[in-house]
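K.L.:
need the 3D shape of this:
(one chain, ligands or ions: 1)
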Amino acid sequence: MRLNDVYKNSSISAKITGIYALCFLALLCVINLAVWFGTSYALYEPAEKTLEYSMKSVQDLLSNLEKDVASFDPNKVREPLVPGVVLRVVDDDGNIFIDTDPTYPSNKIFEECELKDPPHFAADDFDIALIDGRALVYRARMDYFHEGEHVTFYFFRTITSMNHIFDDLIHLLIFLDLLGIIIAIVAGKFISRTILDPITAMTNLARSIAYGKMDGRIPLPPANDELSELAKTFNEMLDRLQGGINRQQKFVSDASHELRTPTAVIAGYIEVLEKYSDDKNLFNESVEAIRSEAQNMKFLLENLLFLARADQCRQKLNKEKFDLSNVIDDVMHKMKKVVTTHEIILSRNDFAEIFGDVTTIRQMLRIFLDNAMKYTPSGGKISVSSKVEGKNIFVEISDTGIGISEENLPKIFNRFFRVDSDNLVRDANGTGLGLSIAKWIADNHGIKISVKSELGKGTTFILKIPVET
Ligand code: ADP
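P.N.:
Below is the predicted model of the structure:
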């Protein structure tokens, strides 16, 4: 499996742990390298310096002595040596003239044990040997001619003890690195688990959710971070879904309930027709009742279909710029023609062009006017006025009807809401869907609806419609 596939198929927790451990490892590598370089430098540098210093001092001494050949005493060259540095002077035949520490490994042993591949930090012009596999020895050499004879000055310095420290340090670093990686993996696992707990809770909750089984909610993590925001959003989404399902269930049960009455009435009258088909009056009455109930059902179904289309975003709106005063004029004119029971007044109708769907805007106006008619007893007054103010046109539809109580006012736009029928004027049969449809149309045209009402005095609906400029 390729690394990419492993990464893709791993859980987030494994990814976080892996990335965490890798970063930690990278950091350890940098620290190790720094320690390694630093220690190596500290190990070789002082040894080189003491050898160089000893060489230089011996060289100076030799050049002074040459000026005064009579005083030349080869043993004098021991004096300027830095403590720890061993000097050995050898001629080309291998005869040793000076040896400050005869117990020190011979040149032969040194050359046998000399490292062919000296450590990176060792100076190129010095030799280095690992004697008996333990003692690391540094050697510098210097040629000297005295009275025509060539001798070689060898300067030795042991760096074994420091090398041991270095080895111990490397072992300690490797141990600490392993320990660090284990701690990084354990800590990464723990941290990622803690971080991802709410996500696991979400996954489990999402798995358990089914239609009608949506009461579980994710416990909010105490920290106020992105995950608690996600958990909050998830819970809110569940609330909305639950609300939607509740509304849908209520809608279906309300719709069935509303349809049950007319179907029961129709069925009842059909029975009457079957039994008393000879009675002309009863026949006419039954047919009339069936027609009226069928009409109610048709109206209810049309409203239900409108809202169903609206809920599914399938309700088409062909928006265009049109003259609202024209539409108001037309609706009022038609109403005046058929209504004889109420006084219908159009007190003001300002010219204003709006952008919208003419058919549904007309439907919305009809809903308010029909309600005004339904809930105003005969002889009452229904007046309409439309007035442009700033960038809006305010359309007011007032009636002198039964009014709506303060308690019911916030509910009138709810689907199937109808004020208790005892308080209604006779014949005010409705579906409880008109104002929900009007509200949907208003919302989809940026229209704001406000209502003022007083029981027994009347109701005024005010529509604030944006004017198209
Ligand atoms: P309905 O088909 O019952 O008229 P609506 O959704 O149009 O349904 O109205 C909801 C309820 O609001 C009505 O049942 C009625 O109680 C109340 N209502 C609406 N308009 C008026 C009004 N102009 N005067 C008094 N009550 C009203």
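K.L.:
CA only for contacts and neighbour counts going forward, please
P.N.:
Fine.
K.L.:
now the strands for the stretch 301-450 of the chain?
P.N.:
320-323, 343-349, 353-356, 381-389, 392-399, 448-454 (DSSP state E, counting those that start in this stretch).
K.L.:
quick one: average pLDDT of the second one?
P.N.:
For strand 343-349, mean pLDDT rounds to 97.
K.L.:
got it, and the first one?
P.N.:
Mean pLDDT, strand 320-323: 96.
K.L.:
SS state for residue 297?
P.N.:
Under DSSP: H, G, I helix; E, B strand; the rest coil, residue 297 falls in the helix class.
K.L.:
and it, what does it touch?
P.N.:
259, 262 (C-alpha atoms under 8 Å, 6 or more residues apart in numbering).
K.L.:
what's the pLDDT at it?
P.N.:
In this model, residue 297 carries a pLDDT of 89.
K.L.:
circling back to that earlier point, please identify the deepest-packed of the strands of the stretch 301-450 of the chain.
P.N.:
Of all the strands of the stretch 301-450 of the chain, strand 392-399 has the most neighbours on average by mean count of other C-alpha atoms under 10 Å, namely a mean of 22.
K.L.:
please identify the residues of the protein in proximity to the ligand?
P.N.:
Taking C-alpha under 6 Å from any ligand atom, the part of the chain that reaches the ligand is made up of 371-372, 375, 401-404, 412-413, 417-419, 430-436, 459.
K.L.:
now the helix or strand hosting residue 230, how far from the chain's geometric center?
P.N.:
Secondary structure assignment for residue 230, by DSSP states H and E: helix 226-275. Distance of helix 226-275 from its chain centroid, counting by C-alpha atoms, centre = their mean, to the nearest Å, is 35 Å.
K.L.:
what's the average pLDDT for that helix?
P.N.:
Averaging pLDDT along helix 226-275 yields 86.
K.L.:
now do stretch 137-153
P.N.:
The average pLDDT within stretch 137-153 is 85.
K.L.:
need the next SSE after the helix or strand hosting residue 136, C-terminal direction.
P.N.:
Taking DSSP H and E as the definition, residue 136 sits inside strand 135-146. The C-terminal neighbour of strand 135-146 among helices and strands, as given by DSSP H and E, is strand 149-158.
K.L.:
starting at the chain centroid, how far to whichever helix or strand comes after that next one?
P.N.:
Counting by DSSP H and E, the next helix or strand C-terminal to strand 149-158 is helix 160-208. Chain-centre distance of helix 160-208: 27 Å, with C-alpha atoms, centre = their mean.
K.L.:
which other helices and strands does helix 160-208 contact?
P.N.:
helix 12-67, strand 135-146, helix 226-275 (3 or more C-alpha pairs under 8 Å, 6 or more residues apart in numbering; DSSP states H and E).
K.L.:
would you list those in TSV and tack on distance to residue 210 and mean neighbour count?
P.N.:
Conversion of these to TSV gives the following (distance: least, C-alpha to C-alpha, whole Å; neighbours: other C-alpha atoms under 10 Å):
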stretch	distance to residue 210	mean neighbour count
helix 12-67	26	16
strand 135-146	76	17
helix 226-275	11	15
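K.L.:
mind listing what residue 137 touches?
P.N.:
128-131, 156-160.
K.L.:
give me the nearest residue to it, chain neighbours excluded.
P.N.:
Spatial nearest neighbour of residue 137, excluding adjacent residues (C-alpha to C-alpha, 6 or more residues apart in numbering): residue 158 at 4.4 Å.
K.L.:
what sits against that neighbour?
P.N.:
84-85, 135-138.
K.L.:
again, 10 Å this time
P.N.:
Residues counted as contacts of residue 158 (C-alpha atoms under 10 Å, 6 or more residues apart in numbering) are 47, 84-86, 104, 128-130, 135-139.
K.L.:
how near is the residue in the stretch 1-150 of the chain that the ligand sits nearest to to residue 235?
P.N.:
Across the stretch 1-150 of the chain, the shortest distance to the ligand (C-alpha to the nearest ligand atom) belongs to residue 12, at 51.8 Å. Separation of residue 12 from residue 235 (C-alpha to C-alpha, to the nearest Å): 22 Å.
K.L.:
and residue 443, by the same measure?
P.N.:
Distance, residue 443 to residue 235, using C-alpha to C-alpha: 27 Å.
K.L.:
try residue 41
P.N.:
Residue 41 is 61 Å from residue 235, by C-alpha to C-alpha.
K.L.:
low-confidence stretches in the chain?
P.N.:
1, 3, 66-74, 120, 160-164, 421-428 (pLDDT under 70).
K.L.:
quick check, central residue of it?
P.N.:
Geometric centre of the chain, nearest residue: residue 226, 6.4 Å, by C-alpha atoms, centre = their mean.
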